[in-house]
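Peer 1: Below is the structure, and that's it, no one-letter string:
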């Protein structure tokens, strides 16, 4: 039992790497300590079940703190408060992946092989978890670098997964150098270290160069943004106040959050209603629930005097916006409601009145980096993410959601306008710079003149290279394991 408590403690300390803590230096202590626990002779001689449990308890320590906010949506309503325990099933589910990481790691017999492959295994299972069943790409070690502009640029070149791998490799590098120099005294050690240093310096140079050499665009468009963080409680939504806000200025794009529209949406009415209040050249973007032929959608509406467009949310929250296997899980209806929302089928793009198109994203869709860009929107210059983070409580959930969004702006090389009912709302440029923001649980607005290029290229199509890197590292670890076994024999 003491053994499991050590892994549990190590996982809990690892949570300090993530928002809202973002204590980056702790990684250089906790990751070597984790590896020390893994290679301890008492742990290496365990059977596979106990090795799996070591990993599970590490994950449990990490996710119990990292995902502590997951119970908050259940506590919003008295009808669902008794089901708060259900949230811990997600924590257990995510922790199981670390059990499999440790299990796979146990098949490598040499400690050097384990050290080389461990970061790759963690990232590989991040990828699997992000795509398995409904997907949950929330727990990613790339978040540890989400407050560092230089490290963030790695996501531009190698994607979120590449950033995770780099961060983990960085944290494990002290013990890797120890093994190469002191433990094994490998003759080629300086060559290996030189490669590692060269790659690190190259990535840093690329990041520095990108941050300090602004892209020049000759086709920038000016848009006056009005970001409105209303901080409404569910029963306080006021359509008259929204009309008063959008009637003030001309040539302004007013943006409100997810489900800020206070009534079930009649598609024809919302368009004509807003057009009465909009001044010349202005437009409004707002979220709401609409009903079409007895089907309900979580929708984003864009209304101007010339345009009316709708985007329906495509990636729905299981047990929140729909209940899987409802026929067999009716007892969970108080959590998700009696009616399932439907997935949207329209394209993820909105043509604005300002001669540029943008990518609409509703709530946690933004964490699914493989499902947002398409051939039709890949070069659009801006993403607009509307969300309602009041469900996430005040502790860590809203901060993690915000920083995941910030990573996405760099990864896709796009401006991000993020509007949350209760915060954190912000304008973030394509380098991850926070241009302006509204803090959590404050009522306020941002009025900002943003120059947006008509289109921006990105490196997204090259991010597949991370899979090649992961395969290469697997091959190297296997090769080292085989070589050491033969030399021992």
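Peer 2: Happy to help now that I have it. Note that this is a predicted model, so its numbers are computed, not measured.

Peer 1: part of a helix, is residue 143?
Peer 2: Yes: judged by DSSP: H, G, I helix; E, B strand; the rest coil, residue 143 forms part of a helix.

Peer 1: Tell me the spacing between the residue nearest to it when sequence neighbours are not counted and residue 404.
Peer 2: Nearest in space to residue 143, with sequence neighbours left out and distances taken as C-beta to C-beta, 6 or more residues apart in numbering, is residue 18 at 5.0 Å. C-beta coordinates here come from the backbone N, C-alpha and C atoms, glycine included. Distance of residue 18 to residue 404, given as C-beta to C-beta, to the nearest Å: 10 Å.

Peer 1: now residue 160
Peer 2: When distance is defined by C-beta to C-beta, residue 160 is 9 Å away from residue 404.

Peer 1: And for residue 111?
Peer 2: In this view, residue 111 and residue 404 are 33 Å apart by C-beta to C-beta.

Peer 1: again with residue 373
Peer 2: 16 Å.

Peer 1: show me where the chain has strands.
Peer 2: 220-229, 252-255, 283-292, 295-304, 308-312, 350-351, 357-362, 382-387, 415-420, 425-428, 434-438, 444-453 (DSSP state E).

Peer 1: Dump those into a markdown table; add mean neighbour count as well.
Peer 2: Supplementary listing: these in a markdown table, determined by neighbours: other C-beta atoms under 10 Å:
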| stretch | mean neighbour count |
| --- | --- |
| strand 220-229 | 20 |
| strand 252-255 | 25 |
| strand 283-292 | 20 |
| strand 295-304 | 22 |
| strand 308-312 | 20 |
| strand 350-351 | 18 |
| strand 357-362 | 25 |
| strand 382-387 | 26 |
| strand 415-420 | 27 |
| strand 425-428 | 25 |
| strand 434-438 | 17 |
| strand 444-453 | 16 |
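
Peer 1: Out of these, which is closest to residue 331?
Peer 2: Residue 331 lies closest, by C-beta to C-beta, to one member of those: strand 295-304, at 21.6 Å.

Peer 1: I'd like the average pLDDT over stretch 445-454.
Peer 2: Averaging pLDDT along stretch 445-454 yields 90.

Peer 1: show me where pLDDT drops low in the chain?
Peer 2: Within the chain, the stretches with pLDDT under 70 are 179-195, 214-218, 234-235, 484-489.

Peer 1: domain parsing for it?
Peer 2: 2-213+465-488, 220-458 (automatic domain parsing).

Peer 1: Spatially, which residue comes closest to residue 8, not counting chain neighbours?
Peer 2: Using C-beta to C-beta, 6+ apart and skipping the chain neighbours, the partner closest in space to residue 8 is residue 61 (4.0 Å).

Peer 1: ok, the one you found to residue 155 distance?
Peer 2: Taking C-beta to C-beta, one finds residue 61 at 27 Å from residue 155.

Peer 1: out of residue 160 and residue 404, which sits in the more crowded spot?
Peer 2: residue 160 (28 against 21; other C-beta atoms under 10 Å).

Peer 1: who's in contact with that one?
Peer 2: Contacts for residue 160 (C-beta atoms under 8 Å, 6 or more residues apart in numbering) come out as 137, 140, 142, 369, 407-408, 411.

Peer 1: The same query, at a cut-off of 7 Å, please.
Peer 2: 140, 142, 369, 407, 411 (C-beta atoms under 7 Å, 6 or more residues apart in numbering).

Peer 1: hang on, the earlier thing: would you list the strands of the chain in JSON lines and tack on distance to residue 51?
Peer 2: Below are the strands of the chain laid out as JSON lines (distance: least, C-beta to C-beta, whole Å):
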{"stretch": "strand 220-229", "distance to residue 51": "48"}
{"stretch": "strand 252-255", "distance to residue 51": "50"}
{"stretch": "strand 283-292", "distance to residue 51": "46"}
{"stretch": "strand 295-304", "distance to residue 51": "42"}
{"stretch": "strand 308-312", "distance to residue 51": "45"}
{"stretch": "strand 350-351", "distance to residue 51": "50"}
{"stretch": "strand 357-362", "distance to residue 51": "40"}
{"stretch": "strand 382-387", "distance to residue 51": "39"}
{"stretch": "strand 415-420", "distance to residue 51": "41"}
{"stretch": "strand 425-428", "distance to residue 51": "42"}
{"stretch": "strand 434-438", "distance to residue 51": "42"}
{"stretch": "strand 444-453", "distance to residue 51": "51"}
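
Peer 1: Of these, which is nearest residue 53?
Peer 2: Closest among the strands of the chain, using C-beta to C-beta: strand 382-387, at 36.5 Å.

Peer 1: Run through who's touching the closest one.
Peer 2: 255, 257-258, 285, 287, 300, 358-363, 366, 405, 414-420, 452.

Peer 1: The same query, at a cut-off of 6 Å, please.
Peer 2: 257-258, 287, 358-361, 363, 366, 405, 414-420, 452 (C-beta atoms under 6 Å, 6 or more residues apart in numbering).

Peer 1: what do you get for stretch 167-176?
Peer 2: So stretch 167-176 is contacted by 27-28, 31-32, 35, 115, 119, 122, 141, 144-145 (C-beta under 6 Å, 6+ apart).

Peer 1: If we use 8 Å, what do you get?
Peer 2: In contact with stretch 167-176 (C-beta under 8 Å, 6+ apart) are residues 27-28, 30-32, 35-36, 115-116, 118-119, 122-123, 141-142, 144-145, 151, 196, 200.

Peer 1: swap in stretch 48-62?
Peer 2: By C-beta under 8 Å, 6+ apart, stretch 48-62 touches 3-5, 7-15, 34, 37-38, 43, 46, 91-92, 94-103, 106, 139.

Peer 1: quick check, distance from it to the centre of its chain.
Peer 2: 24 Å (C-alpha atoms, centre = their mean, to the nearest Å).

Peer 1: Tell me where the stretch 201-350 of the chain has helices.
Peer 2: All helices of the stretch 201-350 of the chain, identified by DSSP state H, counting those that start in this stretch, fall at 239-246, 267-277, 333-336.

Peer 1: hang on, the earlier thing: what do residue 160 and residue 404 both touch?
Peer 2: With C-beta under 8 Å, 6+ apart, residue 160 and residue 404 have common neighbours residue 140.

Peer 1: coming back round to it: would you mind saying which of the strands of the chain lies nearest residue 131?
Peer 2: Nearest to residue 131, of the strands of the chain and by C-beta to C-beta, is strand 357-362 at 18.4 Å.

Peer 1: elements contacting that closest one?
Peer 2: Judged by 3 or more C-beta pairs under 8 Å, 6 or more residues apart in numbering; DSSP states H and E, the packing partners of strand 357-362 are strand 295-304, strand 350-351, strand 382-387.

Peer 1: Can you convert those into CSV and add a column each for distance to residue 339?
Peer 2: Conversion of the helices and strands packed on strand 357-362 to CSV gives the following (distance: least, C-beta to C-beta, whole Å):
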stretch, distance to residue 339
strand 295-304, 6
strand 350-351, 26
strand 382-387, 21
